[in-house]
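> Structural data only, the sequence is not supplied:
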């Protein structure tokens, strides 16, 4: 008990410390030397130049990168903003290529596509806009491809994941911003 207040360790403490060092040092050293070198975590995200995808900006351009899960939007004056997105669950639900914005809606209603109804017959046939269960969120940009949209989502856990049935999803606040910045006729490319 005298050693509790002294700064000199007891014989028992020294013996236990030496034993622990002897037992664990080889495994620690082995773990440090046997481990393969670790590459730094480099994200797949890369900012694209609009000229690599579009001939001109026209009234604006949107590039949705389904691998990196982000969307870039350019206005006619070249102002570019980046937004994280959700992307389709699988490659067979993913459509890539060029399209354009043909309609825009605030509080869009939602109805599952025929393919969705086939896969999920228990889903409702229709959900009105503004309903908290509506997967379209607060705003939507309708594309020239039937059934494909860039829209908001009520379920923010989906952003940054493969979680959609073909659409590109954004946070509601961000799709509202894109909605205001992207007029009908905005060119869109999904890669």
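Yes, it's here. All values derive from a computational prediction rather than experimental measurement.
> and residue 175, how many neighbours?
By the criterion of other C-beta atoms under 10 Å, residue 175 has 27 neighbours. Backbone N, C-alpha and C define where each C-beta goes, glycine included.
> Please look at it and residue 139 and confirm they touch.
Yes. Look at residue 175 against residue 139 with C-beta atoms under 8 Å: they come within range, at 4.7 Å.
> which residues do those two both contact?
151-152 (C-beta atoms under 8 Å, 6 or more residues apart in numbering).
> Shouldn't residue 63 be within a strand?
Yes. The assignment for residue 63 (DSSP: H, G, I helix; E, B strand; the rest coil) places it in a strand.
> Could you report the pLDDT at it?
The score at residue 63 is 98. That number is its pLDDT.
> Please name the residues that touch the closest residue to it other than its chain neighbours.
Spatial nearest neighbour of residue 63, excluding adjacent residues (C-beta to C-beta, 6 or more residues apart in numbering): residue 72 at 4.7 Å. Counting by C-beta under 8 Å, 6+ apart, residue 72 touches 47-48, 50, 62-63, 65, 80-83.
> what about stretch 147-161, average pLDDT?
For stretch 147-161, the mean pLDDT works out to 94.
> That stretch: which residues count as buried?
Buried residues in stretch 147-161, defined by neighbour count with 16 or more other C-beta atoms under 10 Å: 147-153, 158-159.
> what distance separates it from the middle of the whole chain?
Distance of stretch 147-161 from the chain centroid (C-alpha atoms, centre = their mean, to the nearest Å) equals 9 Å.
> who's in contact with it?
With contact meaning C-beta under 8 Å, 6+ apart, stretch 147-161 is reached by 62, 64, 69, 71, 84-87, 95, 99, 101, 108, 113, 132-143, 163-164, 166-172, 174-176, 178, 188.
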